[in-house]
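K.L.:
Give me the fold of what follows.
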Amino acid sequence: MTRIFVDSDACPVKNEVYRVASRYNLHVFIVSNSMLLVPQSPLIERVVVEAGPDVADDWIAERVSDGDIVITADIPLAARCVEKGAYVLEPKGRILDGDGVGMALAVRNLMTDLRSAGLMTPGGSTFGKADRSRFLSALDTLVIKAQKPRLRPLTFPRE
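P.N.:
Below is the predicted model:
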């Protein structure tokens, strides 16, 4: 069964996740370093982890499995989850798959190097209505995709 993991400390689309999860009867893990309010539902589980860098990311990456959906803007976490067969969706609606997460990780590393060299880099755009709409559409699409059986490559025994 598909589950949704939300890297939720700064996630602007938690309410949208709750609505979609309710529609498809999916279990949601809201993972954060602090206590967040979540709706009372047997489908929604609040997970508060210790404070510290990457603690929430580690919790998600250790538990996510093939066919789950992860909501995060954290590119290194996205890469770890894609490697385990999960679908990853950014809050602005961009789906990160094998190719996309590799490119996003390369760009992130380049921007980090530029900033550490003292160059000014542009910040991200603000979150708007179009982003929320794009996210909802992409999440709905991913839920449907995740619930379909995946084709596995054929393997043949060696002689």
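K.L.:
List the contacts of stretch 24-38.
P.N.:
Outside stretch 24-38, the residues within contact range by Cβ atoms under 8 Å, 6 or more residues apart in numbering are 1-9, 14, 17-18, 20-21, 43-52, 55-56, 59-60, 63, 143, 147. The C-beta positions use only the backbone N, C-alpha and C, and glycine is treated the same way.
K.L.:
For those, which ChimeraX command selects only the ones that are buried?
P.N.:
Applying 16 or more other Cβ atoms under 10 Å to the contacts of stretch 24-38 leaves a buried subset, and the ChimeraX line that selects it is:
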select :2,3,4,5,6,7,8,14,17,18,20,21,44,47,49,56,59,60,143
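K.L.:
Could you list which of the contacts of stretch 24-38 belong to strands?
P.N.:
Using DSSP state E, the subset of those located in strands is 3-7, 44-48.
K.L.:
So which of those is the closest to residue 126?
P.N.:
Nearest to residue 126, judged by Cβ to Cβ, of the ones in strands among the contacts of stretch 24-38 is residue 7 at 19.5 Å.
K.L.:
partner residues bridging that closest one?
P.N.:
residue 31 (DSSP bridges).
K.L.:
Can you tell me how far it is from residue 148?
P.N.:
According to Cβ to Cβ, to the nearest Å, residue 7 stands 25 Å off from residue 148.
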